[in-house]
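> need a 3D model of the following:
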Amino acid sequence: MEVDAFDFDLPRELIAERPAEPRDSSRLLEINAGGLKDRHFRDLPERLAAGDILVFNDTRVIPARLTGRRGEAGVEVTLHKQVADDADCWDVFARPAKKFRAGDQVVFGDDFSAEVVARGEGGEVRLRFDQQGAAFRAALERHGVSPLPPYIPRSHGADARDGRDYQTIYARHDGAVAAPTAGLHFTPALLDVLAERGIASAPITLHVGAGTFLPVKVDNTDDHHMHSEFGEIDVAAAEAINQARAAGGRVIAVGTTSLRLLESAADDSGQVQPFHDETRLFITPGYRFKVADIMITNFHLSRSTLFMLVSAFAGLEAMHAAYDHAKANRYRFYSYGDACLIHRAAS
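Take a look at the predicted model:
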């Protein structure tokens, strides 16, 4: 498809710079075949039913943005993905990437540095850090900051409040460099209400990479290169999801990341299999969904892979209409903004 089909204008003032307080007071636009309905996120339990199952991405955002020096030059890197077969190597997006050469040393602090292994395309560089495991994570905590999206302005990078806000309350497994933002709206009290009403939940893990921030620069979706991300679904989660479906419950994917991982792990019959692998699944209109009946997601950027995904789920015309409605009614957009509850369009 032509990428222009996913274009829309957004007034700058509708981009949220901070999340709603409390989190579940954010607005919720319900989108289904019957039209659009304005709600609040705390209304979610009323829109679901006993036997349904929410699938959460329990990845935890690490302080993945680092500033340092390559010789006398200042540089900035954002960790993208750990190299699967090399514990101390990470692929990163670097600025200015063109100056990096194999063998260069990048110093982030007196006790933390890396060597350039290779330079790829599109600003991507592979670094070998001088620490790994617990020592590496501790060094990140000392020297790194949360990698906020570029549309959230902070003069000195993420602040202490972002360290709390840009993390779901159920985050468990370190590895993401971008938050699964649909989950930012949940509160402990809301999770309690959902459980009391017989709505089940299952945690899965997709470590969101910095590629989620990258714009689609090609004219046709067939030419877009999707960065891979590591995901995991254990046996217990797969069984819980399959049992809920078999009993007539609906599967609600909390976020595009959960949905992509579910689709990556499902067989042709829609049965979710245990999964421990990379995925670079790119979903555009015409894709036939196998698992999710409903998805919860935030409002996404124009021409982004995420807007393409929700357009595949609900229909392109329906999503353009929903976004026009959201703009007219002053919904708040992007990572810290409001949410959508989207019912899958009939295929």
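> C-alpha from now on. contacts and neighbour counts both.
OK.
> where along this protein do the helices fall?
Along the chain, counting by DSSP state H, helices occupy 44-47, 133-143, 160-165, 188-196, 235-246, 256-265, 305-314, 316-328.
> could the ones you listed go into TSV alongside mean neighbour count and distance to residue 3?
As requested, these are exported to TSV (neighbours: other CA atoms under 10 Å; distance: least, CA to CA, whole Å):
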stretch	mean neighbour count	distance to residue 3
helix 44-47	14	32
helix 133-143	14	37
helix 160-165	13	32
helix 188-196	14	37
helix 235-246	18	34
helix 256-265	24	19
helix 305-314	23	9
helix 316-328	17	12
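> make CSV out of those and add mean pLDDT.
As requested, the helices of the chain are arranged in CSV below (pLDDT from 0 to 100):
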stretch, mean pLDDT
helix 44-47, 98
helix 133-143, 92
helix 160-165, 90
helix 188-196, 98
helix 235-246, 98
helix 256-265, 98
helix 305-314, 97
helix 316-328, 98
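> out of those, nearest to residue 15?
With CA to CA as the measure, helix 316-328 is the member of the helices of the chain nearest residue 15 (10.5 Å).
> just checking, what packs against the closest one?
The criterion is 3 or more CA pairs under 8 Å, 6 or more residues apart in numbering; DSSP states H and E, and the helices and strands that helix 316-328 contacts are helix 305-314.
> how far away from the center of its chain is stretch 96-107?
The gap between the average C-alpha position of stretch 96-107 and the chain average comes to 28 Å, counting by CA atoms, centre = their mean, to the nearest Å.
> measure it end to end?
End-to-end distance of stretch 96-107 (CA to CA, to the nearest Å): 15 Å.
> ok, now stretch 237-253?
Between the start and the finish of stretch 237-253 there is a gap of 13 Å, counting by CA to CA.
> next, the contact list for residue 26, please.
Residues near residue 26 by CA atoms under 8 Å, 6 or more residues apart in numbering: 19-20, 40-42, 185, 337-339.
> any chance of the residues you listed in JSON lines, with neighbour count, pLDDT and distance to residue 124 too?
Putting those into JSON lines (neighbours: other CA atoms under 10 Å; pLDDT from 0 to 100; distance: CA to CA, whole Å) gives the following:
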{"residue": "19", "neighbour count": "20", "pLDDT": "96", "distance to residue 124": "30"}
{"residue": "20", "neighbour count": "18", "pLDDT": "96", "distance to residue 124": "34"}
{"residue": "40", "neighbour count": "17", "pLDDT": "98", "distance to residue 124": "40"}
{"residue": "41", "neighbour count": "23", "pLDDT": "98", "distance to residue 124": "37"}
{"residue": "42", "neighbour count": "19", "pLDDT": "98", "distance to residue 124": "40"}
{"residue": "185", "neighbour count": "28", "pLDDT": "98", "distance to residue 124": "32"}
{"residue": "337", "neighbour count": "24", "pLDDT": "97", "distance to residue 124": "29"}
{"residue": "338", "neighbour count": "30", "pLDDT": "98", "distance to residue 124": "31"}
{"residue": "339", "neighbour count": "30", "pLDDT": "98", "distance to residue 124": "31"}
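> fine, thanks again, bye for now.
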